[in-house]
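Student: Using only what follows, build the 3D model:
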Amino acid sequence: MSDALLTIKVTQHGSATVVSPKGDIDLTGSPTLKVELKRLAPAVSTDGRLIIDLSAVGYMDSSGLATLVEALQASRKGRYKLVVCGLQPRVRAIFDIAKLAMVFTIVPSLDEALTA
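Tutor: As a prediction, the model looks like this:
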């Protein structure tokens, strides 16, 4: 864990919206990500996808995972695809421990997420 604030970069790649958080997604950072994901969700088209690129996230706790579960539920309701990519080993471990690795679409890289 670190004292660094979570920053979020949002880019558009065709019909894909890419959310790239940088920092820790923990009790302090997850509310920032939650607000951004809720803001973006209505703009994602039904044939589009929301990609969460976690390659710059070194740590995530259960509050971060809960934020991503909410985003997944919103994607199902909005009928767009949510893809998570770039998981570092520590972050991947929390998905595995919570048995959510099979619930999310998880791919190694952003390039793969754009076509998954």
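Student: Would you list the phi and psi of the residue most central in space within the chain?
Tutor: By Cα atoms, centre = their mean, the chain has its centre lying nearest to Ile52, at 3.3 Å. Per-residue torsions, Ile52: phi -110, psi 110 (degrees, to the nearest 10).
Student: Run through the bridge partners of it.
Tutor: Going by DSSP bridges, Ile52 is paired in beta bridges with Val19, Val84.
Student: Can we start the residue count at 46 from this point?
Tutor: With the count now opening at 46, the last piece we talked about shows up as Ile97.
Student: Surely it touches Leu132?
Tutor: No: the pair Ile97 and Leu132 fails to qualify as a contact (Cβ atoms under 8 Å) at a distance of 9.9 Å. Bear in mind the C-beta positions are built from the backbone N, C-alpha and C, glycine included.
Student: just checking, what packs against the longest helix along the chain?
Tutor: Longest helix in the chain, counting residues (DSSP state H): helix 107-123. In terms of contact count using 3 or more Cβ pairs under 8 Å, 6 or more residues apart in numbering; DSSP states H and E, helix 107-123 is assigned the packing partners helix 75-85, strand 94-98, strand 126-130, helix 134-142.
Student: try 7 Å this time
Tutor: helix 75-85, strand 126-130 (3 or more Cβ pairs under 7 Å, 6 or more residues apart in numbering; DSSP states H and E).
Student: what's the angle between the longest one and strand 126-130?
Tutor: If I follow you right, that is helix 75-85. 140 degrees (axes from the mean of the first three to the mean of the last three Cα atoms, to 10 degrees).
Student: How far off centre is helix 75-85?
Tutor: In terms of Cα atoms, centre = their mean, to the nearest Å, the centre of helix 75-85 is set 10 Å apart from its chain centre.
Student: Quick one: work out the angle between it and helix 107-123.
Tutor: 10 degrees.
Student: And the contacts of helix 75-85?
Tutor: 51, 53, 55, 62, 64, 66, 70, 95, 108-109, 112, 115-116 (Cβ atoms under 7 Å, 6 or more residues apart in numbering).
Student: again, but for the shortest one
Tutor: Residues from elsewhere that reach strand 126-130, judged by Cβ under 7 Å, 6+ apart: 94-99, 113, 116-117, 120, 149-155, 157-158, 161.
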